[in-house]
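[1] Predicted model and sequence follow; I will ask about them next.
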Amino acid sequence: MVAVPPVLIGPDALEMRRISAGDSVRLGVLAGPEISPVTVLLEAWDVAGAQPPNSHPISTELFVFLRGTGLAVCDDTRVPVAAGATLVLPPTSLHHIRNTGPGRLYALTLMCPDDGFAALVRRGPRASTDAEDRAVLTALPAALPALPSGSSPGSPDVAL
C-alpha cells in the first residue's frame with residue numbers, strides 16, 4: 001500500500017473571498033473537494049452582516065461557531081447561535097445566518113458533499129484577510145475590547 005502524506009494548511013495560507021461583491025460575509029476555503037470529501041471553510045460575518053437566504057439541494061451544511069453571536073433562520077425556525085454552538089442544516093432547507101453581536105461572527109463551515117460550493121467561493125472577489133481572521137484559526141485573542149466580568153455578548157434581537 002502506498003502511503004499518502006497528510007496535507008497541512010497553515011493560517012498564513014488563509015485567503016478570504018466574498019461570493020458576490022458587496023456581500024457582508026467573507027469565506028476562506030481551508031480544504032476543498034480536491035483533498036477532502038468534506039469541504040471546510042472559515043466564514044466571517046461583518047458586524048450586522050448576513051448572507052442572503054440560500055439552499056443546497058443535496059448538501060448538509062454544518063457550522064461550528066468560534067466567536068461572536070448571531071441568529072440562524074432555517075425554513076421557519078429561528079435559533080440564536082454563539083461561540084461554542086454547532087448548527088447542522090439539512091439539504092434543501094432555506095437558511096441564512098445574521099450577525100447580531102458587537103464584533104464579527106466566525107464559524108468553521110463544513111459542506112458535504114461539496115456540490116460545487118468551494119468553486120463558487122473561489123470564483124468570488126477577493127476580500128481582505130486580517131490578523132483577527134488568522135487569530136481565530138490560531139486561537140489567539142483578537143484585538144477586541146474585553147467584556148466586563150460576568151457579562152456576555154448581545155443576544156439576538158428576535159424572539160423565538
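    Yes, it's here.
[2] Please make it C-alpha for all contacts and neighbour counts, starting now.
    Will do.
[3] Three-state assignment for the closest residue to P57 other than its chain neighbours, please.
    Excluding its sequence neighbours, the residue lying closest to P57 (C-alpha to C-alpha, 6 or more residues apart in numbering) is T92, at 4.7 Å. What DSSP: H, G, I helix; E, B strand; the rest coil gives for T92 is coil.
[4] Compute the distance between T92 and G116, please.
    Computed as C-alpha to C-alpha, to the nearest Å, the T92 to G116 distance reads 15 Å.
[5] Please apply the same query to T129.
    Going from T129 to G116 by C-alpha to C-alpha gives 23 Å.
[6] try A50
    To G116, A50 is 21 Å away according to C-alpha to C-alpha.
[7] higher neighbour count, these two?
    The neighbour count for A50 versus G116, taken as other C-alpha atoms under 10 Å, is higher for A50 (21 against 12).
[8] Please state the offset of stretch 111-118 from the chain centre?
    With C-alpha atoms, centre = their mean, to the nearest Å as the basis, stretch 111-118 stands 14 Å off its chain's centre.
[9] Need the residues that contact it.
    V29, G32, P33, P37, V38, T39, V40, I58, S59, T60, E61, L62 (C-alpha atoms under 8 Å, 6 or more residues apart in numbering).
[10] Quick check: the residue nearest to P57 touching P53?
    No. Contact criterion C-alpha atoms under 8 Å: T92 and P53 do not qualify, at 11.7 Å.
[11] Give me the buried positions along stretch 100-116.
    100-101, 103-114 (16 or more other C-alpha atoms under 10 Å).
[12] want to try TSV for those, with distance to V81 and secondary structure as columns?
    What follows is the buried residues of stretch 100-116, written out as TSV (distance: C-alpha to C-alpha, whole Å; DSSP: H, G, I helix; E, B strand; the rest coil):
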residue	distance to V81	secondary structure
T100	9	coil
G101	10	coil
G103	14	coil
R104	13	coil
L105	10	strand
Y106	11	strand
A107	10	strand
L108	13	strand
T109	14	strand
L110	16	strand
M111	18	strand
C112	21	strand
P113	24	coil
D114	23	coil
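[13] any idea which of those residues is closest to P11?
    Nearest to P11 out of the buried residues of stretch 100-116 is L108 (C-alpha to C-alpha; 13.2 Å).
[14] May I see the buried residues of stretch 54-66?
    For stretch 54-66, the neighbour count (16+ other C-alpha under 10 Å) marks S55, H56, S59, T60, E61, L62, F63, V64, F65, L66 as buried.
[15] show me the contacts for the third one.
    Residues touching S59, when contacts are defined by C-alpha under 8 Å, 6+ apart, comprise P90, P91, T92, M111, C112, P113, D114, D115.
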